[in-house]
Structures are given as structure tokens and as C-alpha cells.
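>>> Let me see the structure of the following:
(2 chains)
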Amino acid sequence: MSKIKEAIANHKAFIPFITCGDPNLATTKEIVKEAVKNGADLIELGIPFSDPTAEGPVIQGANLRALTNGVTTDRIFDLVRELRLEITIPMVFMTYANVVFSYGAEKFISTCREIGIDGLILPDLPFEEKEEFLPFCEKYDVDLISLIAPTSENRIAMIAKEAKGFIYLVSSLGVTGTRSEITTDLGSIVSVIRANTDVPVAIGFGISNPEQAKKMAALSDGAIVGSAIIKIMEKYGTDSPAYVGEFVKSMKDALLF
Amino acid sequence: MSNPNGRFGIHGGQYIPETLMNAVIELEEAYNHYKNDPEFNKELSTLFNEYAGRPSRLYYAEKMTKDLGGAKIYLKREDLNHTGAHKINNVLGQALLAKKMGKTRLIAETGAGQHGVATATAAALMGMECVVFMGEEDTKRQALNVYRMRLLGAEVIPVKSGTATLKDAVSEAMREWTSRISDTHYCLGSVMGPHPFPTIVRDFQAVISKEIKEQILEKEGRLPDAVIACVGGGSNAIGSFYNFIEDEGVKLIGCEAAGRGVDTYETAATIATGRLGIFHGMKSYFCQDKYGQIAPVYSISAGLDYPGVGPEHAYLHDIGRAEYVPITDEEAVEAFEYLAKTEGIIPAIESAHAVAYARKLAPTMSNDQIIVITVSGRGDKDCAAIARYRGEDINE
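Modelled structure (predicted):
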């Protein structure tokens, strides 16, 4: 069984997203440790990309700050090597297709295996293009995470049937970023997914507070939160680990009850 | 030339968020239906002829020919189209298609502003809402076009992210499309982005080479030896090349913007300096660093200031059917001034890149050979920027 699937299935998972290198990699390391200590079930590590077309202004800002600070894919691999000395929960990379392609798909994905990355989320790699990386993901046993969107409709079953690890259900139209309200009928999307796979479903995009996380997790197997955490990192910089830890705890507590 | 999955050799594809997949599938289905619909084609050709002023002239540039002393030079005058550039061809096609699909709102990216102006024009004509994304840097370089778009009823949104140029405008238009799909068509301005855009835009621009072929056969009774066009994303170039691809005797030459030179970082010459990558929905060549971060490219021409190239050009390069050459800012500016003084035609600074290469090529050819240069747009919009380049400050 996939390590990711195991970590999420059968309880409400909290999945924080953290852009690596914002403001620097030493801080990222502490943030991840704090998140794990406070109950995160899986860590989504963002490898920054110069032109993140699926991101709203908050995560765009984090990408830009990290790249300006000289963060590279190789330095992030080193960070993961260090984190793996202390952390056992699954970790996945979230980045863009060109970051993987340009590094050399096989070299990137085999390195993921070697350093202990369990999955890969690529928002610009839809079902139709997954052959680009899937053979290497299978070879090195790294889950290529599928995304399903509010507009997926007739595509949900097709995507769900071949999903690995977990399904990333995009809560709303548009890009990442906090939203006051999520109006998509996620319940019916989740039912179609459930009818086609036993791979767990986590909902992301627009979730920023414990109340929303609880609501989303009630509909699925977990909640993914990015922009709300990045905002804390933006505000507190190198002091942010404790604040992120506190936030993760509040979110995780909401999911437990 | 593309296969059903939108591939041109290894290039192309649909590397976009899942949120947009049904939108591009719907677009492809609609396009496949309407492209063979006689009613649609009749409406489009009426718009081309009666509204945009097609066919555009194929003009024998006699003074330039004599001055350069080699091949006979013809200019394909896309600058004479309504709105002043080839961009209107694609926009009329896409706006009509969007309307048939029941869309009421067009969004677009623009670099130099020509595509934005064309989209705003079509939206006004067809009674559609229009929002144009334009890099903040470009809104300054092309202030006149910003005003034209607003005059035509469009909302212009300056994009501040990244390098605040064309690539960022494309990213922002894509982001906007993911947030509002049901009533909105993304009217992409070049032969780039996810399938089916490179094919749709090429088909609507292919009218350029269709006309060149008819016109040159009528005037000269033979095909040209070379067709030269500038390449950013590559829409006027693919339009100029397309109907000659099977004619192997016709050399196809795309002129990329080298900016301050291909040996500097201040360049936008993708084929000369880029490598294979995946960005903005397509696999193609891109200017990028070793980790795949997209390079902040530069050219004096806002319309060519893009770090990638359309997938069909990447393929034509791979198979050696077309040749791509870099032209520097300085060469383009000299050509801009040269065409103005020699033929009384002020070309867009984008098109001046093609004129610049023709000035090098023509003297190496014989008097009985023929070059066609596509003048993709007119240069009024560039006068203030070129004056500044020459150290003269004028009010626009």
C-alpha cells in the first residue's frame, strides 16, 4: 500500500503546503518540523517556479522570494535529505512540469525515491499528459498525484480509476488563495470519486481557517492548506516556525472533533 | 500538420490545469465542427474582406530591390489590415467561434498591444465584453495601444508579476480563465499555448500564405525562393509559411528577437538560445536556466519579447524545414528606419526584424530570385520608443 494512502486513509488528514526557501531553507526545515510536531499527516513541499500559473498572488510571492534567495532544486533535495533524518510521515513535492522535465525526468524522480519523497503533484500535468512522467513514477515507486477540479465533470471517473496515493480535489475555480466561501458541490464530486476508487481524497484551494478545514474534511479524507500558511511565513519570516506550528495545531484540532 | 493530440513531432500537447481541460476539449470540438461549416466560413471570409480589408496587398518593393541589388523583394502588407496588423485575422476567427459557442466575454494577453487592440475591436464589433492583460512594462512602452483598447470598450489590466511583460500577461490570462470559464473564451494571440490553440491560430493566420501564393503566381508566375517573417510566439510567421511547407523550393525563414545579442542575457531568441521545456501549456523550446526557471527575456519589441516559441515552429526547426535567425535590436531599428526612408512604409518594430534579415539575404541572391517579407504590422505604435532609442524624447 502506498505510504501516502496509508497516512491519509481512515482519519481526517491535515496537509500543509510549504514553499521551500521562503524566506530561506533553514527556516523551511524548522517549519516542517513544527508542522509535523503539531499533527500534520503529510507535508506538501513546493519547489518554486518562476511562472506558477496555477497560483494566486500569495504563493506567487513565496515562489519569487525563494528564487530571489537562490533556492534551487538540488538545494531542496539536500533539505529533504536532512529532514528525512528526523521525519517519517510522507512528503510530496508540488511543482510545475518544467522543473521536473528540465532536471531530467528520470533523474528527478529517482532522486525523489532516494531521498524519501513519496509523491509528486504537478498542477500543469493533466491526465492526458501524465505519460510524460508516469513511467518513471512507476519505476521508482513515487505516486503521481491526480487533481480533480469543479469543472472535471465527465472526467472524474476516468481520473479516479487511475489515481495513486491520494486525489487532490480542487475546491473552486481559479488559482490558489484564501476564499471566504467555497460553493462547489464537492459532495457529489466525492461520491463519483468514491464509486471509482478507494484512493483517499483531500480537498485544497481556498481553505484558510479551522471551520473551513473541518467542513472540507467532513466531505472527504482531509484538507490541504497553502496560502494561509504562506501568509504566516510572509508576515513572520525566520520567526514563522512557531506561528505555523500553532496554526497547524488549530487546524488539526478542528479535524479531530 | 498536428496529430489528434495536438503534437507537432514531440512538441505541443496540453500541459494545463485540470480546471481548464474541459474548456479546451469543448473548444476543440467546436472548432472541428465549425471549421468545415460553410456558413461559418462564409461569415468569416466576409469579415476578412469587408471589415479587415483583405486580401492584403503583395507589394513589389522596387526601390529596396534596386538598392540591395539582389533578389526581387515583395512585401506582404499585413500592416494595411484594419487595426494595423495580422492579429485581426486570428481574432475575427476566434471571436466568431466564441460567439457560436455561446461565450459573451473575451479575455486576451497582449505584448505590443496589437493583439489586445484586435481583440477589443472584435469584441466591440460582436457586442462582447473584453478584458486584456498586458505587462505593466508594456503598458508604458505601448501607451497608445492601451488608450486604443480602452477607447474600444475593453478593460486593460496591467500585470505586475514576474518581468511584467508578455509571458506574465499570458500567465495572468490563463489564471483568469481558470476562474471564469462558462461565459469566457480566452482569445490567445499566437500559435502557442495548449492544443488546440496552436492549430486554430495557425489556420486563421494561414490566409496570409494562401494569398501570397495566389498573388505571387499571378504577378510572377512562380513561387518565391524565400519567405521571411518575424517570430515571437510565431503567428504571422506560421501564417506566412503554412501553405508553402509542402513546396520544398521555398525557403522559410523566421527572424527571432536577439535583443542586445544572443551572447548576452538580454535576448528573446528562443531557438538560438533556448532548450526543450514545458510551459504555458505546451512542450517547445524556451529560454530557461538549468533548473527550468523561465528566463527574463528582453527585446526592444514588446511583441517578440517572449521566452518561448510556438510548437509548430519548434517542429519545423527540428526537421530543418524552416530556418530561424536572430536579429538584434540595433539591426531591427536600422531596418525600421531603412524601410521608412526607402519605401515610405513604417513597419512595426516586430516586422522590422524580418526586413533586417532580408537586407542581409537579398544581396547574396540573384536578380531572378524572389523574397517575400511579411510586414506583420505598421509601426506608428513604435515611433516614440524608436525615437527614445535614438536619444530623442517625443510626446506620443
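>>> Verify the stated contact: residue B:244 with residue B:227.
Yes - between residue B:244 and residue B:227 there is a contact at 5.9 Å, judged by C-beta atoms under 8 Å. For glycine as for every other residue, the C-beta is placed from the backbone atoms N, C-alpha and C.
>>> joint contacts of these two?
Shared contacts of residue B:244 and residue B:227, defined by C-beta atoms under 8 Å, 6 or more residues apart in numbering or on different chains, comprise B:209, B:212, B:250, B:252.
>>> about what we covered before: comparing residue B:244 and residue B:227, which residue is more hemmed in?
Of the pair residue B:244 and residue B:227, residue B:227 is the one with more neighbours under other C-beta atoms under 10 Å in any protein chain shown, namely 31 against 22.
>>> among the shared contacts of residue B:244 and residue B:227, which ones are buried?
The neighbour-count criterion (16 or more other C-beta atoms under 10 Å in any protein chain shown) marks B:209, B:212, B:250, B:252 among the shared contacts of residue B:244 and residue B:227 as buried.
>>> For residue 220, which non-adjacent residue is spatially closest?
Answering for chain A, as no chain was given. Distances taken as C-beta to C-beta, 6 or more residues apart in numbering or on different chains put residue A:201 closest to residue A:220, at 4.4 Å, once the chain neighbours are dropped.
>>> switch to chain B, that's the one I care about
Going by C-beta to C-beta, 6+ apart, residue B:220 has residue B:370 as its nearest residue, at 6.2 Å.
>>> Surely the one you found and residue B:71 touch.
Yes - proximity of residue B:370 to residue B:71 meets the contact threshold set by C-beta under 8 Å, at 6.1 Å.
>>> what sits in contact with each of those two?
Taking C-beta under 8 Å, 6+ apart as the criterion, residue B:370 and residue B:71 both touch B:225, B:226.
>>> rewinding a little: possible to save the shared contacts of residue B:244 and residue B:227 as JSON lines with distance to residue B:89, pLDDT and secondary structure?
Formatted as JSON lines, those follow (distance: C-beta to C-beta, whole Å; pLDDT from 0 to 100; DSSP: H, G, I helix; E, B strand; the rest coil):
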{"residue": "B:209", "distance to residue B:89": "11", "pLDDT": "98", "secondary structure": "helix"}
{"residue": "B:212", "distance to residue B:89": "13", "pLDDT": "98", "secondary structure": "helix"}
{"residue": "B:250", "distance to residue B:89": "21", "pLDDT": "98", "secondary structure": "coil"}
{"residue": "B:252", "distance to residue B:89": "19", "pLDDT": "98", "secondary structure": "strand"}
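>>> Can you pull out the low-pLDDT segments for the stretch 51-200 of chain B?
Scanning the stretch 51-200 of chain B for pLDDT under 70 picks out no residues.
>>> now the helices for it?
B:62-68, B:87-100, B:114-126, B:136-141, B:143-151, B:166-179, B:197-205 (DSSP state H, counting those that start in this stretch).
>>> Same check on chain A?
Assigned by DSSP state H, the helices in chain A fall at A:3-8, A:25-37, A:57-68, A:73-83, A:97-103, A:105-115, A:134-139, A:156-161, A:186-196, A:210-219, A:227-236, A:240-256.
>>> What residues does residue A:164 make contact with?
Contacts here follow C-beta under 8 Å, 6+ apart; on that basis residue A:164 touches A:2, A:5, A:119, A:137, A:143, A:144, A:145, A:146, A:199.
>>> before we move on, back to that, please identify the deepest-packed of the helices of chain A.
Ranked by mean neighbour count under mean count of other C-beta atoms under 10 Å in any protein chain shown, those are led by helix A:97-103, which reaches a mean of 23.
>>> what's residue 110 in contact with, if anything?
In the absence of a named chain, this looks at chain A. Residue A:110 sits in contact with A:136, A:139, A:140, where contact means C-beta under 8 Å, 6+ apart.
>>> other chain: chain B
Residues in contact with residue B:110 (C-beta under 8 Å, 6+ apart) are B:116, B:117, B:119, B:132, B:133, B:134, B:138, B:145, B:149, B:166, B:169, B:189.
>>> excluding its backbone neighbours, what's nearest it?
That would be residue B:116: by C-beta to C-beta, 6+ apart, it lies 3.1 Å from residue B:110.
>>> Was I right to think the one you found contacts residue B:156?
Yes - using C-beta under 8 Å, residue B:116 makes contact with residue B:156 at a distance of 7.0 Å.
>>> Overlap in contacts, those two.
Common contacts of residue B:116 and residue B:156 (C-beta under 8 Å, 6+ apart): B:132, B:134, B:149.
>>> and the gap between the last one and chain A?
Residue B:149 is 23 Å from chain A, where distance means C-beta to the nearest C-beta, to the nearest Å.
>>> So residue B:184 sits against residue B:103, correct?
Yes - between residue B:184 and residue B:103 there is a contact at 6.2 Å, judged by C-beta under 8 Å.
>>> Excluding chain neighbours, what is closest to residue B:318?
residue B:9 (5.6 Å).
>>> Return the distance of that neighbour relative to chain A.
15 Å.
>>> quick one, phi psi at that residue?
Per-residue torsions, residue B:9: phi 60, psi -130 (degrees, to the nearest 10).
>>> follow-up on the earlier one: so which one of the contacts of residue A:164 is the model least confident about?
Lowest pLDDT within the contacts of residue A:164 is found at residue A:2 (85).
>>> Strand partners (parallel or antiparallel) of the strand ranked longest in chain A?
Longest strand in chain A by number of residues (criterion: DSSP state E): strand A:13-19. Looking at strand A:13-19 with DSSP bridges, its partner strands are strand A:43-46 (parallel), strand A:222-225 (parallel).
>>> buried stuff in the last one?
By neighbour count with 16+ other C-beta under 10 Å, strand A:222-225 contains the buried residues A:222, A:223, A:224, A:225.
>>> These into CSV, with extra columns for pLDDT and distance to residue B:302?
Shown next, in CSV, are the buried residues of strand A:222-225 (pLDDT from 0 to 100; distance: C-beta to C-beta, whole Å):
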residue, pLDDT, distance to residue B:302
A:222, 96, 45
A:223, 97, 43
A:224, 97, 38
A:225, 96, 39
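>>> which among those residues gets closest to chain B?
residue A:224 (14.8 Å; C-beta to the nearest C-beta).
>>> Which of the contacts of residue A:110 sits closest to residue B:387?
Distance to residue B:387 across the contacts of residue A:110 (C-beta to C-beta) is lowest for residue A:136, with 53.5 Å.
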